[in-house]
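Visitor: please work out how this folds:
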Amino acid sequence: MFGNFVIGTSVLAPTGMLHELSTGLGVSIRQASLLVTFGAVVMCLGSPLLSWSTSRWDRRVLLVGSLALIAVAQAAAALSTSFAGQLGWRLAMLVAAAPFTPQAASVAGLLVPGERRPSAIAYVFLGWSLAAAFGMPLVATVASHVGWQWAYAGISGLAALAGVLLAWRLPAGLKTAPVQLSSWVELAQNPLVVLLLALTMLLTSGQFLIFTFIGPLLVRLAHATPNSVSLVFALTGLAGFVGNVIATRIVRGVGTYRTEQLSIAALALGAALFALSSGYLGWMVFGISVWGLGFASTNSMQQARLVGAAPLLAGAAVSLNTSALYIGQALGSALGGALFERGRDALMGYGALAFILAGTLVLALTRPKEEPLALAQGA
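Guide: The predicted structure follows:
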């Protein structure tokens, strides 16, 4: 979970300091947002490829090595003063980060009995919720007060600490089933897996259409101050953390499908409130907070449902979900950047809502005929 916190903070960091990066590197907001867009493309391609090429590695070696490389790349980014340098080190960092999240989920499945698997996976993904709740506000605060370089340096230190702790506590010799090229074909022939991946892409596209530009949007539309933006990141992340905790509590009782229904409902309601309240800071923040309740829990439920849909290919399925997630990030941030640059701010909330509503239609297609307690518990 702590490793995922570092990964989440590393991936989301440019979003928390987009304005500071734009000013410090002498580029536009849209160009600075390419750190998110291009990074998402690298993560999209890197997750399945690295999951395949490292599938026979000891999981401890893979996870600890990933964090060590992230520590080096973030330290180098702190010393780079050009946009080209920032982009290069970010892409290198994301190559190292790409296998961590899916393999962390598969390792969680190895460490607990089958009936506890959904809760364990959701718990591991609390790290991403904590990254949004505490990592991003901290990044935004540090960047606005002492500089973005110190934010990168702090993440580098956290990555080194997480690597040391995992090397100490994670058992040696943990291995998952090797990923064969035939695994991708088998997953592509599984209709439920394909629909779940499409759902991930749609939901993420809608969220990152707004999320990438939350700071600049609040400043432009509602004249928010840097401290207000940091507070918004904190509220959003806290809501995501609370939503994920609620999901881990109710999933064993109502099942993954119904839990995900509730999470996506929160996303849609929050996006609608944000779109309708454009220019009114209090209502925009309220909408973002409601949306935050589903921000992390939808991802957790997606991971759990994919593991249940293809239990023998869990690592490969989760890595494909990570790819779908980053396709959504790239698509959403690119579309959001185009709208932001053209001054179409009011359309961004409605665009996000359209993606999320399309996701609800796909969700309905994944409805199980029945979800007995054993399935809901991940057995």
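Visitor: quick one: low-confidence parts of the stretch 251-379 of the chain?
Guide: 315, 370-379 (pLDDT under 70).
Visitor: for Ala268, grab the count of nearby residues.
Guide: Ala268 has 20 neighbouring residues, counting by other Cβ atoms under 10 Å. Just so you know, the C-beta spots here come from the backbone N, C-alpha and C atoms, and that holds for glycine as well.
Visitor: please, which helix or strand holds it?
Guide: helix 256-276 (DSSP states H and E).
Visitor: helices or strands next to that helix in the packing?
Guide: helix 191-211, helix 226-254, helix 281-295, helix 297-309, helix 345-365 (3 or more Cβ pairs under 8 Å, 6 or more residues apart in numbering; DSSP states H and E).
Visitor: just say which of those helices is most tucked in.
Guide: helix 297-309 (a mean of 27; mean count of other Cβ atoms under 10 Å).
Visitor: tell me how far the helix or strand following it lies from the chain's centre.
Guide: Toward the C-terminus, helix 297-309 is succeeded by helix 314-341 as the next helix or strand (DSSP H and E). Centroid displacement of helix 314-341 relative to its chain, using Cα atoms, centre = their mean, to the nearest Å, is 9 Å.
Visitor: what's the angle from helix 314-341 to helix 297-309?
Guide: 150 degrees (axes from the mean of the first three to the mean of the last three Cα atoms, to 10 degrees).
Visitor: measure the closest residue in space to Leu67 that isn't next to it in sequence to Ser66 for me?
Guide: Nearest residue to Leu67 in three dimensions, chain neighbours excluded: Gly163, at 3.6 Å (Cβ to Cβ, 6 or more residues apart in numbering). The gap separating Gly163 from Ser66 is 8 Å, by Cβ to Cβ, to the nearest Å.
Visitor: neighbour-wise, which of those two wins?
Guide: Ser66 (28 against 21).
Visitor: the more buried one: what's it in contact with?
Guide: Ser66 makes contact with 96-97, 99-100, according to Cβ atoms under 8 Å, 6 or more residues apart in numbering.
Visitor: ok, Leu331 next?
Guide: 201, 205, 208.
Visitor: could you do Ile246 as well?
Guide: 293, 297.
Visitor: and it, how far from Ser33?
Guide: From Ile246 to Ser33 the distance is 31 Å (Cβ to Cβ).
Visitor: please report the distance of Thr37 from Gln329.
Guide: According to Cβ to Cβ, Thr37 and Gln329 sit 8 Å apart.
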